[in-house]
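>>> need a structure here:
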Amino acid sequence: MGLETVAALIAKNGLAILAPIAVLEGPIVTVIAAWLASRGLLDVWSVSIVVILADMVGDMGFYALGRWGLHRLPLRWRYRMGLSRARLAQVAGHFQKNGSRTLVIGKLTHSAGAAVLVAAGLAKMPMFRFFWVNLLATIPKSLFFVALGYAFGAAYSKIDDWIARISLLLLGVLVMAGIVWLLKRTTRK
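Presented below is the predicted three-dimensional model:
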């Protein structure tokens, strides 16, 4: 579905269609909805609340997939995905020590978000802690995209391109940091 179609659907159906679309694709949909609010077609505060709630629903879905879904896969599939018992124990230990920080970084980089959310579920991060840390990271991120859309939403196609480019750049930075970390870790041994 193209961005023009999304904008037309939200303009026609309002918050009722915004919520499910925002669960699937948050940032650019938030920008478009906020732009429509700047044109008087939606209420900006309602848009803000709906996109925050939609983002949380989507994130809880990824968490649930990690916590309850991936364990249902056959053992050999899990091993092929790199989810050995030792790896899962490692992830659980990481989330016990650094789960909040990892969750915030995953949310803010956007490109690593889904993997981090699933990993939090796999690590069995306490749901209450996951919810509150995730909410505290979601609110400023969502409000940033609301403000961006309200001010510059008419350029939503260009904004979508920039979101994709910045997400790829941040993913590259994370991958490079991971490689450096692994190299340092293996040279210490």
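
>>> quick one: average pLDDT of the particular helix or strand that has A89 in it?
In this assignment (DSSP states H and E), A89 forms part of helix 85-109. The average pLDDT for helix 85-109 rounds to 84.

>>> same thing with stretch 160-176?
79.

>>> Quick check: buried residues in that stretch?
Neighbour counts over stretch 160-176 (16 or more other C-beta atoms under 10 Å) mark 160, 163, 167, 170, 174 as buried. Every C-beta, even on glycine, is put in place using the N, C-alpha and C of the backbone.

>>> Just the closest of those residues to S111, please.
Of all the buried residues of stretch 160-176, S111 sits closest to S167, with 3.9 Å by C-beta to C-beta.

>>> Report the spatially closest residue to that closest one, excluding sequence-adjacent ones.
S111 (3.9 Å; C-beta to C-beta, 6 or more residues apart in numbering).

>>> Wait, that neighbour touches L170, no?
Yes. Look at S111 against L170 with C-beta atoms under 8 Å: they come within range, at 5.6 Å.

>>> Please report how far Y156 lies from L168.
Noted for Y156: a distance of 19 Å to L168, by C-beta to C-beta, to the nearest Å.

>>> give me the element G121 is part of.
Here G121 is assigned to helix 113-122, by DSSP H and E.

>>> Done for today, thanks.
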